[in-house]
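> using only what follows, build the 3D model:
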Amino acid sequence: MAQNAALKVSGTNADGNASRPFGLSDKLGYLFGDFGNDFFFILVSSFLMVYYTDIFNISAATVGLMFLIARLWDAVADVMWGRFIDMRKQGKHGKFKPWIFRMSFPLVISGVLMFVKIPGMLDGFYLAYAFVTYLVWGTLYSTVNIPYGSMASVITSDPVERTTLSTFRTMGAMLASLIINVVGPLILFVNNEADPDRFLMAAIMFGILSIACYMACYKLSTERIAMKETQAKNLNLGKTLKGLLKNKPLLSILAASLTFMMLTMLVGAANVYLFKDYFGNASVLSMAGLIQAVAVFVAIPLAKPLVARFGKKEVASAGMLLAGVVYLLLYLLPNLTAIQFIAVSAVGMFGFAFFNIVVWAFVTDVIDYHEYLTGLREDGTVYSVYSFARKVGQAIAGGIGGMVIGAVGYNATLETQTESVLDGICALGTLVPAVVYLLIFFILVFLYPLNKQRTNQLATNLAEKRKNQN
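Down below sits the predicted model:
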């Protein structure tokens, strides 16, 4: 691919000095980045609601409203932080890596504080404490996740290598998911009840592991593509916004990602109640987490050859169709045991795994398309807009999740929920995912324009445009 006049490409670091070629070190470094991110992100998305409802005694509806407000703020913080980083000068170690190093420590500390319960306080104190600590954690998460996500497009300019980074990022996320969803329930629950001391112990343990992963990401990754100072000074918000609004691939992948993240957060929260109350055994969550991780790891080696043959859009949409059909089948099958439910859902997990694996490669294509439209390389801004959509999805899911759990009649003070409540929880874990996975399938098929042929053409056109700018 031809070099952009505004970019320094492979073979140089952020200062223009010789650097090692793209290789395993970068892949492992990028893997560790999401490994560190998801130690707390998955812990929060899967178990924070039950911590607030069962330990802080906050109603599910109130928790949902709190999640909605905090995540909407986080979405705004993402865009502000992405724009802030794009306006900064390159440092010795690049534009994005230094922020991962600086902000990871306060991020982890704030994450641990979320799971501290001070005994003997009034309910109002616990509500205020929960809101403040969750808001601070979410804001600090933006300061690490935005530079981490943006960094993929400056580690390498090669589309195949970027797809590999996306795969390794997914592997990092799934390793964290495997640990938290398998080991987490065994640590967090005692006699099928949430234990505050166990939650704090888990938060401290995962926090230490998270810091170690962030440091590995910082040490192993190399930024090779740097923006010239002239381009940094010429960044224009109006031109950026105009380019974003004309970027059809961005708008459609935003819709798909928002919908997918909204469902992920909703199912993550609902599954705790599904296994704890509907199936009567919270520890089975460990098996569900293990099976999901296995499904993704089975899909990982298949993703690259399938994408090479059919394309990212084609593979991701087929996976979503499979997932939607499987979860619809789960809703229609009566009286499944927990083990049978997990076994059938594994097929659906295998399907939506392909979207998870290639989604970050979608984002790098979208960033390239923005450069093609505007002539500007604005990795932080474009990625933060993408992250904005995901945060909005989280906000909606957090709000709807708590409200829906409350709406189906869940009562934390009851030892056994009513039959209608259990049926409602079951629908949240089966019918809702089925509908949403099918919706994402239609978005990818009919709205996202970059199929395999058009993606290859984009790479050719962008290379030619960069060549002409030399």
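> sec struct for residue 116, please.
Using DSSP: H, G, I helix; E, B strand; the rest coil, the structure places residue 116 in coil.
> could you pull out the helices for the stretch 101-250 of the chain?
Shown for the stretch 101-250 of the chain, the helices assigned by DSSP state H, counting those that start in this stretch span residues 123-155, 159-178, 184-188, 196-220, 229-233, 237-246, 248-273.
> of all those, which lies closest to residue 377?
Closest approach to residue 377 among these (C-beta to C-beta): helix 229-233, 6.7 Å. Where you see a C-beta, it was placed from the backbone N, CA and C, and this is true even at glycine.
> about what we covered before: save the helices of the stretch 101-250 of the chain as TSV, and put in mean neighbour count, mean pLDDT and distance to residue 436 too.
Shown next, in TSV, are the helices of the stretch 101-250 of the chain (neighbours: other C-beta atoms under 10 Å; pLDDT from 0 to 100; distance: least, C-beta to C-beta, whole Å):
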stretch	mean neighbour count	mean pLDDT	distance to residue 436
helix 123-155	21	91	23
helix 159-178	22	83	19
helix 184-188	20	85	24
helix 196-220	19	93	28
helix 229-233	13	47	39
helix 237-246	14	80	25
helix 248-273	22	86	4
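> CSV for the ones you listed, including distance to residue 449?
Output for the helices of the stretch 101-250 of the chain, formatted as CSV (distance: least, C-beta to C-beta, whole Å):
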stretch, distance to residue 449
helix 123-155, 20
helix 159-178, 17
helix 184-188, 40
helix 196-220, 33
helix 229-233, 27
helix 237-246, 12
helix 248-273, 6
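> out of the ones you listed, which gets nearest to residue 360?
helix 159-178 (3.7 Å).
> and that closest one, what does it pack against?
The elements that helix 159-178 packs onto, with contact taken as 3 or more C-beta pairs under 8 Å, 6 or more residues apart in numbering; DSSP states H and E, are helix 24-54, helix 123-155, helix 284-310, helix 338-374.
> confidence-wise, which of the ones you listed is weakest overall?
Among these, helix 284-310 carries the lowest mean pLDDT, a mean of 85.
> so which elements touch that helix?
Packed on helix 284-310, when contacts are counted by 3+ C-beta pairs under 8 Å, 6+ apart, are helix 159-178, helix 184-188, helix 248-273, helix 312-332, helix 338-374.
> angle of the helix or strand harbouring residue 442 against helix 312-332?
If you go by DSSP states H and E, residue 442 is part of helix 431-446. With axes from the mean of the first three to the mean of the last three C-alpha atoms, to 10 degrees defining the directions, helix 431-446 sits at 160 degrees from helix 312-332.
> chain center to the helix or strand following helix 431-446, what's the gap?
Moving toward the C-terminus from helix 431-446, the next helix or strand (DSSP H and E) is helix 452-469. Helix 452-469 sits 29 Å away from the centroid of its parent chain (C-alpha atoms, centre = their mean, to the nearest Å).
> what's the burial count for the residue nearest to residue 220 when sequence neighbours are not counted?
Distances taken as C-beta to C-beta, 6 or more residues apart in numbering put residue 29 closest to residue 220, at 3.0 Å, once the chain neighbours are dropped. A total of 23 residues lie near residue 29 under the criterion other C-beta atoms under 10 Å.
> what's the distance between residue 29 and residue 150?
Here the criterion is C-beta to C-beta, to the nearest Å. By it, residue 29 lies 15 Å from residue 150.
> just residue 430 next, same as before
Here residue 430 is placed at a distance of 36 Å from residue 150 (C-beta to C-beta).
> quick one, what contacts the residue nearest to residue 220?
The neighbours of residue 29, taking C-beta atoms under 8 Å, 6 or more residues apart in numbering as the test, are 216, 217, 218, 219, 220, 221, 222.
> let me know whether the third one touches residue 97 as I believe.
To tie it back to what came earlier, the one meant is residue 218. Yes. Using C-beta atoms under 8 Å, residue 218 is in contact with residue 97, at 5.6 Å.
> one step back: just send the helices and strands packed on helix 159-178 back as TSV, with distance to residue 83 too.
Formatted as TSV, these follow (distance: least, C-beta to C-beta, whole Å):
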stretch	distance to residue 83
helix 24-54	21
helix 123-155	10
helix 284-310	31
helix 338-374	14
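> go through those helices and pick out the most buried.
helix 24-54 (a mean of 24; mean count of other C-beta atoms under 10 Å).
> so that one versus helix 196-220, what angle?
Angle, helix 24-54 to helix 196-220, by the same axes, to 10 degrees: 160 degrees.
> mind listing what's buried along whatever helix or strand comes next after helix 24-54?
Using DSSP H and E, the helix or strand that follows helix 24-54 towards the C-terminus is helix 60-86. Buried residues in helix 60-86, counted by 16 or more other C-beta atoms under 10 Å: 60-75, 77-79, 81-83, 85-86.
> who touches residue 52 in this structure?
Applying C-beta under 8 Å, 6+ apart, the residues contacting residue 52 are 58, 63, 66, 130.
> residues in contact with the residue nearest to the third one when sequence neighbours are not counted?
The one in question is residue 66. In this structure, residue 66 finds its nearest non-sequential neighbour in residue 131, 5.3 Å apart by C-beta to C-beta, 6+ apart. The contact partners of residue 131, taken as C-beta under 8 Å, 6+ apart, are 66, 69, 70.
> in three-state terms, label residue 280 for me.
Assignment for residue 280 (three-state DSSP): coil.
> gap between the closest residue to residue 317 other than its chain neighbours and residue 160?
Spatially, and ignoring its direct neighbours in sequence, residue 317 is nearest to residue 444 (4.0 Å; C-beta to C-beta, 6+ apart). Using C-beta to C-beta, residue 444 is found at 21 Å from residue 160.
> re the thing from before, what's the helix holding residue 442 in contact with?
252, 255-256, 259-260, 262-263, 266-267, 270, 313, 316-317, 320-321, 323-328, 330-331, 348, 351-352, 355.
> then stretch 333-349?
Under C-beta under 8 Å, 6+ apart, the answer for stretch 333-349 is 275, 279, 281, 284, 287-288, 291-292, 294-296, 322-327, 329-330, 433, 437.
> can you check stretch 283-296 too?
170, 174-175, 177-178, 180-186, 189, 192, 271-272, 275-276, 338-339, 342-343, 345-347, 349-350, 353, 356-357.
> any idea how far it is from the chain center?
18 Å.
> C-alpha coordinates for it, PDB please?
Listed next in PDB are the C-alpha coordinates belonging to stretch 283-296 (Å, rounded to 0.1, in the frame of the first residue of the first chain):
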ATOM      1  CA  SER A 283     -22.700 -21.700  40.100                       C
ATOM      2  CA  VAL A 284     -23.800 -23.000  36.700                       C
ATOM      3  CA  LEU A 285     -22.900 -19.600  35.300                       C
ATOM      4  CA  SER A 286     -19.300 -20.900  35.400                       C
ATOM      5  CA  MET A 287     -20.100 -23.600  32.900                       C
ATOM      6  CA  ALA A 288     -22.000 -21.100  30.700                       C
ATOM      7  CA  GLY A 289     -19.000 -18.800  30.800                       C
ATOM      8  CA  LEU A 290     -16.600 -21.700  29.900                       C
ATOM      9  CA  ILE A 291     -18.800 -22.900  27.000                       C
ATOM     10  CA  GLN A 292     -19.000 -19.400  25.600                       C
ATOM     11  CA  ALA A 293     -15.200 -19.000  25.800                       C
ATOM     12  CA  VAL A 294     -14.700 -22.400  24.100                       C
ATOM     13  CA  ALA A 295     -17.200 -21.400  21.300                       C
ATOM     14  CA  VAL A 296     -15.200 -18.300  20.600                       C
END
